[in-house]
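Q: no FASTA, just this:
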């Protein structure tokens, strides 16, 4: 068919950029992860320590807890975003007055920097002063103290994430829905399929790549969330919302524990890759994987 | 806006000319000969004192010397991180960096900073006639090396003081009710028991009157080290627990078992006392870092509290930010018996002396120009306006300036307190592992605030975690 | 009947907009209050507009620079990324490249890395390796534009893959038979059909670049600082300036809305796509 070399030429810029800005730093982090290195240790030099950092990780309950919390956060947030986002995207496929106006409104949360999102949600939920806890207390006598109760803090981070990122899912699915062929639907109608059947046998399979891409992106972004939660709760109360991105940030920035932080990053990266690979292999690419040509 | 800026700038330049004397009026341009056109690059936190340097002093310096100043004002975490990365990697991006008092020992232990005393002795042509380290307040001692050479030029310094609401404390109805309930007169608390009584009293008072008033601020954020700092800097010392309860002379012991005092009975009593204030504090306290505590007090939501001194001036004088202008009293924090005596004899301290300096990293490629800049901001003649703009004092001459005296009166004598009793306060302990031990122990501390751990258990675990971290870092053998 | 449904749908959209807008409205309320008003019982309405928060940002030359940098960086990055991703997905879709599925999966792993630990090597690269004479990649706009490709390119490739795969191969085969070059096929066959996908990808990559904080904070200093790092400047030891922070965040919405409205109409263009297939 067409020459491979042309294809590689089209891939080249992407590969070069990803190699220089993605792979090179990765190699550095990989090397550092086998060293004991803290700028402010009694001996501040780099000392080779083999797999000691990785060994320590297995017993670091704080890290393991934060991984578990992050996973919970990711699953709850992403599942809600996909359901809500799909629902909104479907509604945006219809015709109704002021459609583009409403679509713009529903895209706005995306446009606000996570730092500012975190700050705004913090101001809305500061115990005693934010409107939400203030009026919940005044009208319903309900104690909403996210700096005190772990469950409420967790729930608030999920809601904040859903508010901020559902528009991303809506937009991606909207694009996919827009470019969907009409025939299968017409055929389904002719065959007398009901709405649920059409959704299950026609819409869903056609949307699968787009949904999966959205799940992937959101899941991996949720796994590395830092700015928003850092502004909202600082990871508290205690360790309730100290998600893994924040945890690593604390190890490499204030603690300057570069070796350990690098190992932690790589293990987290590895676990994310495995998780996504399983999803990917299980759902989409089975055919492609079986016969690599 | 710009008119005001120009005025301040004019004042700074005029002050410089007078201060330096007519004979050496052109010291700056002489010393900067050959350096004109150089650009020096610095990093600092975007606080009022730093912004004053950025907006007023740096442009004046450029005018006097021809040396350009690029000043990066950023957030606390970022400043710290970038300065360290720059110095660790020996990159030379920054020609001067902000050194917070608590991190200076880390920098000195790594020999990151240029010895300013030595550099000026080697290059007498760079030595400004009115630059005299002996004229700084005692705060400069934190930036001295073993031989007494200075490694940083102090740019801001504050003490964490006890603020109370004069209007409430002098309210006849409140006084009467207090006396009836507790059997002694309502007055500024000298002991922890009194402080707690007053806190209980005003919390009940607020509830009874249906107003948003509580007894005390507590800087008790459950996910930010500010809460950890309030305890170790401002509460534990008033119970006689110093230096975080870590004893450097005993192989950096933290646990009582090994000779430390982080989990000593006094320390546990201190934490129990501090936690007992939480019900007397407004609901935002568990989400409060250093600045929210000040804002809570400024909003008139509490009757008393420990507040960082950099906020004292605006709380007492600025009515676009504060509802309690003219109602603020300033005093020394409440203490356990014997602590004041220990502090006066130099064996202890009663609270936190906070601040920072500018220093020059070894990696800088424009050390001469940076030296000139640091001398420039250390001139006695620029201090008073700077003090008024940022409520900071680092130079002895500043206290007597009429502008500062005027502000002192408005702030119920904050500067006088700082001048007379500043010696009773102390900065962070001289540990090169400051942030490391803080991060290792803080998680347990947060759990004490949320109630997941008792005060006693939390401190036991913190002491153990501190020792573990110190062993890992190689300080504890 | 039909009218009722229309009313109902309008009601739904109003309600849903209310929820979506509330945090933004609260940001506006905060931006319109002076500091002392913030620490009291919260009110939903604004009594007086404290415009100083806005003026302080608008008249601050540093912030004008941050805003300019953000616009340049986000827009350049979005353009670069959408272009490169179109090339890459075309190659992945139309050529039999050995191991391409693995490469496809590998690209996305670049986005998964927790950023904190990668800042140190990037800092070293930018200050000590990517240096030409006096020029360093540190604190340059081009540095961020290229770096943002690391998390944006994988995203773009993953969203564009489905779009390009869905364009029937017969269409480009037909063009080739007519004597078109590969270049012409991409430009005249693929590009028009991929427009909705490209528009969405463009918007989202722009958003990611516009909002990025950690890299920008570490790898810039004075000249290439972006508006998100500017927002963090308001968080200080002597008082978080919530009002001005919110005002600045409100101001950042303006370029974002302009960009959105410019690009958004291309999403709709895709509605006719189904018809092409036949």
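A: Thanks, I have it. Small disclaimer: the values here were computed from a predicted structure and weren't measured. Residues are numbered from 1 along each chain as shown, chains lettered A, B, ... in the order given.

Q: And the helix or strand where residue B:272 lies, how far out from the chain middle?
A: Taking DSSP states H and E as the definition, residue B:272 sits inside helix B:265-276. How far helix B:265-276 lies from its chain's middle: 23 Å, per Cα atoms, centre = their mean, to the nearest Å.

Q: repeat for stretch C:252-262
A: The answer for stretch C:252-262 is 11 Å, by Cα atoms, centre = their mean.

Q: in it, what's buried?
A: Buried residues in stretch C:252-262, counted by 16 or more other Cβ atoms under 10 Å in any protein chain shown: C:252-253, C:255-256, C:259-260. Just so you know, the C-beta spots here come from the backbone N, C-alpha and C atoms, and that holds for glycine as well.

Q: Wondering if it reaches chain A at all.
A: Yes - judged by Cβ under 8 Å from any Cβ of the partner chain, stretch C:252-262 comes into contact with chain A through C:252-253, C:256-257, C:260-261.

Q: Contacts for that stretch, please.
A: Applying Cβ atoms under 8 Å, 6 or more residues apart in numbering or on different chains, the contact partners of stretch C:252-262 are A:104, A:107-108, A:111-113, A:116, C:24, C:67, C:70-71, C:74-75, C:203, C:206-207, C:210, C:227.

Q: try stretch A:212-225
A: Stretch A:212-225 is contacted from outside by A:70, A:73-74, A:77-78, A:81-82, A:85, A:114, A:161, A:165, A:168-169, A:172-173, A:243-246, A:268, A:272, A:275-276, A:279-280, A:283-284, C:108, C:111-115, C:155, C:158-159, C:161-162, using Cβ under 8 Å, 6+ apart.

Q: for stretch A:156-165, same thing?
A: With contact meaning Cβ under 8 Å, 6+ apart, stretch A:156-165 is reached by A:73, A:76-77, A:80-81, A:84, A:109-110, A:112, A:114, A:117-118, A:121, A:125, A:146, A:218, A:221-222, A:225, A:228-229, A:232-233, A:241, A:243, C:20, C:23.

Q: averaged over its residues, what pLDDT does it have?
A: Taken as a whole, stretch A:156-165 has an average pLDDT of 96.

Q: buried stuff in that stretch?
A: A:156-158, A:160-165.

Q: residue of chain B with the smallest distance to chain C?
A: Per Cβ to the nearest Cβ, residue B:299 is where chain B lies closest to chain C, at 3.3 Å.

Q: Tell me where the model's unsure across the chain.
A: You didn't say which chain, so I picked chain A. For chain A, applying pLDDT under 70 flags the ranges A:1-2, A:284-293.

Q: The chain in question should be chain C.
A: Residues of chain C that meet the criterion pLDDT under 70 lie in C:1-3, C:237-239, C:268-278.

Q: domain assignment for it?
A: Annotated domains of chain C cover C:1-50, C:51-277 [automatic domain parsing].

Q: from the middle of its chain, how far away would the last one be?
A: On the basis of Cα atoms, centre = their mean, domain C:51-277 is displaced by 5 Å from the centre of the chain it belongs to.

Q: So which bits of the stretch 1-150 of chain C are right by chain B?
A: Contact residues, the stretch 1-150 of chain C versus chain B (Cβ under 8 Å from any Cβ): C:34-36, C:38-41, C:59, C:120, C:123-124, C:127-128, C:138.

Q: make it 7 Å
A: When proximity is defined as Cβ under 7 Å from any Cβ of the partner chain, the stretch 1-150 of chain C approaches chain B at C:34-36, C:39-41, C:59, C:120, C:123-124, C:127-128, C:138.

Q: ok, which stretches of the stretch 1-150 of chain A are strands?
A: Here the stretch 1-150 of chain A has its strands, by DSSP state E, counting those that start in this stretch, at A:35-36, A:47-48.

Q: so what's residue A:233 up against?
A: By Cβ atoms under 7 Å, 6 or more residues apart in numbering or on different chains, the contact set of residue A:233 is A:146, A:153, A:157, A:241, B:223.

Q: what separates residue C:63 from chain A, distance-wise?
A: According to Cβ to the nearest Cβ, to the nearest Å, residue C:63 stands 14 Å off from chain A.
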